[in-house]
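Trainee: Show me how the following folds:
(chains A and B)
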There are 2 protein chains.
Amino acid sequence: AGKKVGLLDVDLCGPSIPRMFNVHQQDIHQCSEGWLPVFVDKEQKLALMSIGFLVENEQDAIIWRGPKKTAMIKQFLKDVVWRDLDYLIIDTPPGTTDEHISAIENLKAYNPDGAILVTTPQAVSVGDVKREITFCRKTHIPVIGLIENMSGFVCPNCTECTNVFSKGGGQALAKEYHVPFLGCIPLDPELSKSCDEGKDFVEHYEGSPTLQAIQKVVDRLVKIDRDLP
Amino acid sequence: AGKKVGLLDVDLCGPSIPRMFNVHQQDIHQCSEGWLPVFVDKEQKLALMSIGFLVENEQDAIIWRGPKKTAMIKQFLKDVVWRDLDYLIIDTPPGTTDEHISAIENLKAYNPDGAILVTTPQAVSVGDVKREITFCRKTHIPVIGLIENMSGFVCPNCTECTNVFSKGGGQALAKEYHVPFLGCIPLDPELSKSCDEGKDFVEHYEGSPTLQAIQKVVDRLVKIDRDLP
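Mentor: Now for the predicted structure:
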């Protein structure tokens, strides 16, 4: 608590961060030092940057090949006035391509802590994340840990839990590749709704099992961060 | 029935087609005319091509920027011996970037029928697909229709249906943009399991409501295809 966090959305063709924080109507302002990020809170503790703030209409398609995406990500990292952040979190699309290579190249000099990877329990998703671990090893980025998302669904009517997308894929993957497992986050219509509406899930769903699961992940992350050299 | 279909997976960083058809152990063979696709069935009615067949290990990461991806997709379209297909289906990753631009550029001369778009009911996913519709309009590719995937979950214990990812986003989007709505496919652990294991869902889950939903989408597609000039 009290830390200053920057969140950079490098999903240039599918920016969802502005909507998830209910600031998608906002524009980016320029100052003499560069672009000012959008602050979510009055205390200016959480700063966002996304291509979503730079396009006129939300439905405008960014039809860019790799080199233009690479230039934009470089600008996001060099020309945004992030000021004194404690953490900069970069949200990437899935894969191991321009966005990921560009982010790593531009951050190399700052010695980034590492990557947090997210999978679902399914074999097809686990396969994708295996390739992302291989990518991290080849580019010498430590894997901070792995999160399993969409991990089981508890029926709100009968409380029966169904493993909609199979079971245990994340934990097994973490074990196989010797990376820390950060926890499971279940499928939850209320979490999905909060993301769609840009509602603060922590504030609105205090005590929900999903929030407890998210809190566990955060606690493990904070612990790992404390133990970092 | 009886048609010859080619399925080209242009998700170069996350190829899941080989596993979904349980042919991920197979390799691509070269003949004098080019690369031979992998056939799923003995009658050689369904031909697949994917980067997954070209890498040695499934977990190998394809760390490629846009230009290399573009070259590979061009090769998939020009150098694969597809022979006399009735349909060529191209499975792309989400977005409006290299994969999509390259596929369209290389197919322009063949006058493609159009694009089938897939969304979930969520606003964040609908937002991404809005941008894909904009992309299709800018590149003069007709939108054949829109499918809503992950559309509700019926609890196998109590049969209550929960709209895990909100409701009706796909249908509303189709109406707003005047594109044909092809139908909804529900969340189904058995469908997800079949994809993971490469099992034939049609054969193993005859009579399942999910299969009926898929069949409805197919029927609408076939009808649209018959009406095409």
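
Trainee: in stretch A:180-190, what counts as buried?
Mentor: Using 16 or more other C-beta atoms under 10 Å in any protein chain shown as the test for burial, stretch A:180-190 gives A:Phe181, A:Leu182, A:Gly183, A:Cys184, A:Ile185, A:Pro186, A:Leu187, A:Asp188, A:Pro189. In this view, the C-beta of every residue, glycine as well, is placed from N, C-alpha and C.

Trainee: The residues you listed in strands, which ones?
Mentor: A:Phe181, A:Leu182, A:Gly183, A:Cys184 (DSSP state E).

Trainee: Surely the third one is in contact with A:Gln215?
Mentor: No: applying C-beta atoms under 8 Å, one finds A:Gly183 not in contact with A:Gln215, separated by 9.3 Å.

Trainee: Specify the local secondary structure of the residue sitting furthest away from the middle of chain A.
Mentor: Distance from the C-alpha centroid of chain A, by C-alpha atoms, centre = their mean, peaks at A:Cys158 (32.0 Å). Put simply, A:Cys158 is coil when judged by DSSP: H, G, I helix; E, B strand; the rest coil.

Trainee: quick one: contacts for it?
Mentor: Residues near A:Cys158 by C-beta atoms under 8 Å, 6 or more residues apart in numbering or on different chains: B:Cys155, B:Asn157, B:Cys158, B:Glu160.

Trainee: For these, which single residue is the most surrounded?
Mentor: Highest neighbour count within the contacts of A:Cys158: B:Cys155, with 19 neighbours (other C-beta atoms under 10 Å in any protein chain shown).

Trainee: Would you mind listing the two of the contacts of A:Cys158 that lie farthest apart?
Mentor: Greatest spatial distance in these: B:Asn157 and B:Glu160, 8.6 Å, computed using C-beta to C-beta.

Trainee: Touching the helix or strand bottoming out on mean pLDDT in chain A from outside, list them.
Mentor: Ranked by mean pLDDT, DSSP states H and E, the weakest helix or strand in chain A is strand A:29-31, scoring a mean of 93. With C-beta under 8 Å, 6+ apart as the test, strand A:29-31 has contacts from A:Trp35, A:Leu36, A:Val81.

Trainee: let's see it at 6 Å
Mentor: Applying C-beta atoms under 6 Å, 6 or more residues apart in numbering or on different chains, the external contacts of strand A:29-31 come out as A:Leu36.

Trainee: For that strand, buried residues please.
Mentor: So, applying 16+ other C-beta under 10 Å, strand A:29-31 has no buried residues.

Trainee: What of stretch A:207-215?
Mentor: Buried residues in stretch A:207-215 (16+ other C-beta under 10 Å): A:Ser208, A:Thr210, A:Leu211, A:Ala213, A:Ile214.

Trainee: Equivalent analysis for stretch A:80-94, please.
Mentor: Across stretch A:80-94, burial judged by 16+ other C-beta under 10 Å covers A:Val80, A:Trp82, A:Leu88, A:Ile90, A:Asp91, A:Thr92, A:Pro93, A:Pro94.
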